[in-house]
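K.L.:
Mind folding the following:
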Amino acid sequence: MTDSACVVIRHEGCVSIVTLNRPEARNALNAELAVALPRAIAECDARAETRAIVVTGADPAFCAGFDLRDVGAGRRAGANEHPGYWGPFPPTRSPIVGAVNGAAVTGGLEIAVSCDFLIASDRARFADTHAKVGMVPGWGLTIVLPRLIGPSRALQMSLTGAFVDATTALSWGLVNEVVLHDYLIHRAVEIGNQIGALYEGAVAEVRSLYRDMATHAVDDAAFEAENVRARNWAQKRFGGA
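P.N.:
This is a model prediction of the structure:
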């Protein structure tokens, strides 16, 4: 186990668990945590044994967003030292499973939707309060959230700041599963082990393909692009004509 002041890293076989660890502040992102989180993700991804990363929060919250005390003081909460990407995580070879254990709000919601997919505790809640606190999303929320739940629902969340409970999040497609709170990490690690049991190169290629195809319209060009990728992969993996 690797510990720091605001992030805890724990490894269970091929699964690395990254826990936001400012429970007294509901894991709000101050300048330190905003730098430590991507570092922790990169550290786990660099571990040869890691095949999946689980991101969660120390109870009672997943992440309450940016610490407004830091923002008000002019500190660069949310900045990180990794150039070349715009979200809260650096690029990874390992799929990232979000285990949302409580409230995921504003910047915390952006962290959640930056994961490959989400498993939620029955205590999870989601809200975008950027407008409520006089801020604007900058980690891809207005791009990713509409793709997950539809533009009207995403806009409603952002313009009202209202909370969405775990059951609603499941029905909207924001999360894949809702489980009992005490079972959350077990389930997330179980999924990580399922990922780890597959052929690593194919997992990476399928993940990349899903991300690339998300930018395509559903037309013949998209089907052709997928087919070309599949044939190129087969050639690389198995050789032959």
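
K.L.:
Make sure H216 is indeed in a helix.
P.N.:
No - counting by DSSP: H, G, I helix; E, B strand; the rest coil, H216 falls outside a helix, being coil.

K.L.:
so what's it up against?
P.N.:
By CB atoms under 8 Å, 6 or more residues apart in numbering, the residues touching H216 are 222, 225. The C-beta positions use only the backbone N, C-alpha and C, and glycine is treated the same way.

K.L.:
residues near V105, how many?
P.N.:
V105 sits with 28 neighbouring residues when counted by other CB atoms under 10 Å.

K.L.:
That one pairs with what?
P.N.:
V105 has the following beta-bridge partners by DSSP bridges: A127.

K.L.:
which residues touch it?
P.N.:
V105 touches 61, 63-65, 125-129, counting by CB under 8 Å, 6+ apart.

K.L.:
Same check on N193?
P.N.:
So N193 contacts 13-15, 52 (CB under 8 Å, 6+ apart).

K.L.:
State the next helix or strand along the chain beyond the strand or helix carrying it.
P.N.:
Using DSSP states H and E, N193 maps to helix 184-196. Later in the chain than helix 184-196, the nearest helix or strand by DSSP H and E is helix 200-213.

K.L.:
Let me see the mean pLDDT of that following helix.
P.N.:
Across helix 200-213, pLDDT averages out at 95.

K.L.:
Which of the contacts of V105 sits closest to I96?
P.N.:
Nearest to I96 among those is C63, at 14.2 Å by CB to CB.

K.L.:
Now that closest one: closest residue in space that isn't a chain neighbour?
P.N.:
Distances taken as CB to CB, 6 or more residues apart in numbering place G108 nearest to C63, at 2.9 Å, with adjacent residues excluded.

K.L.:
State the distance from the one you found to F126.
P.N.:
9 Å (CB to CB, to the nearest Å).

K.L.:
Find the residues that touch each one of those two.
P.N.:
By CB under 8 Å, 6+ apart, no residue touches both G108 and F126.

K.L.:
Buried residues in the helix or strand harbouring A120, which are they?
P.N.:
For A120, the element it lies in under DSSP H and E is strand 117-121. By neighbour count on 16 or more other CB atoms under 10 Å, the buried set for strand 117-121 is 118-121.

K.L.:
can you pull the contacts of the spatially most central residue of the chain?
P.N.:
Compute the mean C-alpha point of the chain, and by CA atoms, centre = their mean the closest residue is C115, 1.9 Å away. By CB under 8 Å, 6+ apart, the contact set of C115 is 55, 96-98.

K.L.:
any idea how this protein splits into domains?
P.N.:
2-196, 200-238 (automatic domain parsing).

K.L.:
which of those sits most buried?
P.N.:
domain 2-196 (a mean of 19; mean count of other CB atoms under 10 Å).

K.L.:
Quick one, grab the pLDDT at the residue nearest to the centre of the chain.
P.N.:
Taking C115 on its own, its pLDDT is 98.

K.L.:
Find me the pLDDT at N30, would you?
P.N.:
94.

K.L.:
these two touch, right, it and R22?
P.N.:
Yes - if you go by CB atoms under 8 Å, N30 and R22 touch, sitting 7.3 Å apart.

K.L.:
anything in contact with each of those two?
P.N.:
With CB under 8 Å, 6+ apart, N30 and R22 have common neighbours C6.
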